[in-house]
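Q: Build me a model:
(chains A, B, C and D)
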Protein chains: 2
Amino acid sequence: MPRSTSAPQAASSDLGELSPVATIKDVAKLAGVDTSTVSRVLRDDPQQAVRPETRERIKDAARMLRYRPNAVGRSLRTRRTDTFAVVVPRLDNPGFIEVIQGIQIEAARQGKLVMLVERIAAAAESTSSPRNQDLLASLVLDGRVDGLIAAFATIDDQLVTGLAERQVPLVLVNRRMPGVRGSVAVDDEAGAALATQQLLDLGHRDIAFVGFEPETDTSRRREAGYRSAMEKAALTVDPRRLAVGGPSKQGGADATETILRRDPGSRPTGIVVSNLLGALGALVSVRAAGLRVPEDVSIVAFNDHDLAEDTNPPLTTVRMPNIEMGRQAMGLIVQAAAGLEVGDMMVTEPAPHVVERHSTAPPRS
Amino acid sequence: MPRSTSAPQAASSDLGELSPVATIKDVAKLAGVDTSTVSRVLRDDPQQAVRPETRERIKDAARMLRYRPNAVGRSLRTRRTDTFAVVVPRLDNPGFIEVIQGIQIEAARQGKLVMLVERIAAAAESTSSPRNQDLLASLVLDGRVDGLIAAFATIDDQLVTGLAERQVPLVLVNRRMPGVRGSVAVDDEAGAALATQQLLDLGHRDIAFVGFEPETDTSRRREAGYRSAMEKAALTVDPRRLAVGGPSKQGGADATETILRRDPGSRPTGIVVSNLLGALGALVSVRAAGLRVPEDVSIVAFNDHDLAEDTNPPLTTVRMPNIEMGRQAMGLIVQAAAGLEVGDMMVTEPAPHVVERHSTAPPRS
DNA sequence: CCGTGCAGAACAAACGATTGTTCAACTGCG
DNA sequence: CGCAGTTGAACAATCGTTTGTTCTGCACGG
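A: Below you'll find the model as predicted:
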């Protein structure tokens, strides 16, 4: 005996506070069946045979009431939230944006939700650091999400290893750690080699490399790529041509300045900067030393971004498959959350390639 | 009668697969009390008197078991998730980053969580558009979050009004809509006036304005600021000095080109571009027309960002209190979710100010 | 004519927490 | 000594789903 459709109005017209949200019970009552039947019909549960007539009645009732299953109730029962947390050190680092995009794409494809958490820099508020860790921990440990994707290096080792110990499904992006099950990386070594090769091809022989702190395996892989390209060209790497700075504009500026000042008599004609933000700083330092880019010094940056088009001069970069890395990371965490064993993967497609702009040129005679 | 403290060990040492997550029941059992007492003690419920001895016993048990209240169970009962969704059109627009930062800061302060959702462009996948809307709707309608912050204009009006109709707590950032309760904006008009004034102060008299589609009230407010500054300087606004493009580099480039081509004999000496991305395009178009910045044409962009330092030339901008806007938005949505009426607010502190770089100079004689 | 089997659906027990109500013991007062 | 009041804690209902189990007819085969 379906009731008049005006019933729900009464509740809402009365008190704005009371939310007129229909539950599965309302649907069951309206359709004259049990809630279990409603649940099975609405989820197309193949285990349960239901008369077409009943099926229609339930679907009609759900439609009329604008019923939507409550996610909290469902999660309580199923022990899944279909939500994954993605932790990034900060959002203003262009490197992450592509990865996040890839993560979102794959998440949408699989019907998962993403909770993006910015690991607010400890610098912002001294007190926020522990609180923020708490926050992160609470996400996953309190059952709010089914797993965690930790993007890049800046995540506290403590936090990550702590979560790993507690059996929390976890995937690292572009980073590996002992004791952590899953990770996905791009071929940093190939990319850095490509960047170096680009300068070699232009005729450069004296090429410097700016890495970044903290000394993560990512940074190390990039340096390895640089070294291997140099070796392949039968060139020896002069330790005075190496320096590290933070993965920021300032870090790149400092490291570049260090290299340029070490031996004013002999300067590199090309610099490979292992991250894009750092390359912006490199531009500043090169110019501050009274040199021009690319006439006096060529610069190649690792990781591409739109903004590289608009710098002065526009930066030649190596473009890495970051979006794909994000997709894979999401795929992996879903598997991990499903209880499958996941390993460490490397994304090789699309292959890294050089985006040539105007920060590179042949060395002067 | 406190039992021996060794009880919990047995369970966890056995099977690694089985998640060793303690529930409130485990704590109650270990402490020898009822779950209700555990709940009240752990939340410091003042309604219930508890013997200090019992209190300690419970806290010890919780500590031993590493108990953390399950967020899903709690949310089901309390009807709150303490989580809010933030929807942005895309993450690679630098304008949003600051706002998001402000949102996160305030959220952390209030112990709330943020679910950042990128409204994946319909362009990405034609089929993803409806699905993505579904996703958004599901967030808030399925009880996953307590409310929604919609950042900027690109949110589908349909979606927003639909949610507003359904009484979903909702706050718009830098946008207002009829029928939507809460919003927070910066003083776009003052900011745009400031940008214009900057050029006027340098001696410019022929100043163009590049707005952006879609014609949101934000865009309109900026244009109004431009107009009012011009009027105050007793200058009339030539309609041929106005153009709009999308809020992107390409949009800014197109609009600027339009203006420059309209009347090759007479060109503006200064351009106010109503968004930063658009200003990048403006630089391109001005240069493409054979003109130099700032010698031939000065450019001021609305909204500041680090990347403005590295463009060629570095852009003079107007810096808006976007972080503060984000904080206020979070504050507002929390109130709205608590059932309070919220209105439309304007963030005036810190006041907009010009960040002078090198895209502005006095007009040539 | 009597099981047997199956379709179709109800029943009921979780999931993990919060919170209104009840209950037992003790205290203190008349 | 009896009773009211208070303290300290247990009892039990509930939030909205899902899912294992049970139940009721009915059709069919022997």
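
Q: residues in contact with whatever helix or strand residue A:222 lives in?
A: Assigned by DSSP states H and E, residue A:222 falls within helix A:217-232. Helix A:217-232 is contacted from outside by A:152-153, A:174-176, A:185, A:188-197, A:200, A:207, A:209, A:211-213, A:236-237, A:242, A:244, A:272, A:274, A:302, using C-beta atoms under 8 Å, 6 or more residues apart in numbering or on different chains. (Each C-beta comes from the backbone N, C-alpha and C, glycine too.)

Q: Give me the buried entries from these.
A: Among the contacts of helix A:217-232, those scoring as buried are A:152-153, A:174-175, A:185, A:188-197, A:200, A:207, A:209, A:211-212, A:237, A:242, A:244, A:272, A:274, A:302 (criterion: 16 or more other C-beta atoms under 10 Å in any protein chain shown).

Q: Okay, and which of those residues map to helices?
A: A:188, A:189, A:190, A:191, A:192, A:193, A:194, A:195, A:196, A:197, A:200 (DSSP state H).

Q: Which one of those is nearest to DNA strand D?
A: residue A:188 (41.4 Å; C-beta to the nearest atom of the strand).

Q: Nearest spatial neighbour of that closest one, chain-adjacent residues omitted?
A: Take residue A:188 and drop its neighbours on the chain: the residue closest to it by C-beta to C-beta, 6 or more residues apart in numbering or on different chains is residue A:221, 3.9 Å away.

Q: neighbours around that neighbour, how many?
A: If you count neighbours by other C-beta atoms under 10 Å in any protein chain shown, residue A:221 ends up with 21.

Q: Distance-wise, check it relative to residue B:24.
A: When distance is defined by C-beta to C-beta, to the nearest Å, residue A:221 is 46 Å away from residue B:24.

Q: Just the element for the residue in the stretch 151-300 of chain A positioned nearest to DNA strand C, please.
A: Nearest to DNA strand C in the stretch 151-300 of chain A, going by C-beta to the nearest atom of the strand, is residue A:167, at a distance of 14.6 Å. Counting by DSSP H and E, no helix or strand carries residue A:167.

Q: Report the closest residue of chain A relative to chain B.
A: residue A:312 (3.2 Å; C-beta to the nearest C-beta).

Q: how about the residues of the stretch 51-200 of chain A near chain B?
A: Residues of the stretch 51-200 of chain A lying near chain B by C-beta under 8 Å from any C-beta of the partner chain: A:68-73, A:75-76, A:81, A:83, A:91-92, A:94, A:97, A:100-101, A:104-105, A:108, A:113-118, A:120, A:124, A:128, A:131-132, A:135, A:138-139, A:141-144, A:167.

Q: again, only this time at 7 Å
A: Taking C-beta under 7 Å from any C-beta of the partner chain as the test, the list of the stretch 51-200 of chain A residues beside chain B reads A:68-73, A:75-76, A:91-92, A:97, A:100, A:104, A:108, A:113, A:115-116, A:118, A:120, A:128, A:131-132, A:135, A:139, A:141-144, A:167.

Q: What of the stretch 201-350 of chain A?
A: Counting by C-beta under 7 Å from any C-beta, the stretch 201-350 of chain A sits next to chain B at A:280, A:307, A:310, A:311, A:312.

Q: so what pLDDT did the fourth one get?
A: It refers to residue A:311. For residue A:311, the model assigns a pLDDT of 93.

Q: Could you do the second one as well?
A: Per-residue pLDDT puts residue A:307 at 89.

Q: My understanding was that it contacts residue A:93; is that so?
A: No. Assessed by C-beta atoms under 7 Å, residue A:307 is found out of contact with residue A:93, at 11.5 Å.

Q: Show me where the stretch 101-250 of chain A dips below the pLDDT cut-off.
A: For the stretch 101-250 of chain A, applying pLDDT under 70 flags the ranges A:119-135, A:152-157, A:214-215.

Q: go again using 80 as the cut-off
A: Within the stretch 101-250 of chain A, the ranges that satisfy pLDDT under 80 run A:118-140, A:152-162, A:164-165, A:177-181, A:213-216.

Q: what about the residue nearest to residue A:188, distance to residue A:302?
A: Residue A:221 is 11 Å from residue A:302, by C-beta to C-beta.

Q: likewise residue A:217?
A: Counting by C-beta to C-beta, the separation of residue A:217 from residue A:302 is 15 Å.

Q: residue contacts, the closest residue to DNA strand D within the stretch 151-300 of chain A?
A: Of all residues in the stretch 151-300 of chain A, residue A:169 sits closest to DNA strand D, at 18.7 Å by C-beta to the nearest atom of the strand. Listed by C-beta atoms under 7 Å, 6 or more residues apart in numbering or on different chains, the contact set of residue A:169 reads A:146, A:147, A:148, A:333, A:336, A:337.

Q: Isn't the residue of chain A closest to chain B up against residue B:312?
A: Yes. Contact criterion C-beta under 7 Å: residue A:312 and residue B:312 qualify, at 3.2 Å.

Q: thinking residue A:235 is in contact with residue A:206, fair?
A: No. In this structure residue A:235 lies outside contact range of residue A:206 using C-beta under 7 Å: 8.5 Å.

Q: Identify each of the helices in the stretch 51-200 of chain A and give its residue range.
A: A:52-64, A:71-78, A:94-109, A:128-141, A:157-165, A:188-201 (DSSP state H, counting those that start in this stretch).

Q: Against residue B:213, how distant is the closest residue to DNA strand D within the stretch 101-250 of chain A?
A: Going by C-beta to the nearest atom of the strand, DNA strand D is nearest to residue A:143 of the stretch 101-250 of chain A, at 12.8 Å. For residue A:143, the distance to residue B:213 (C-beta to C-beta) stands at 44 Å.
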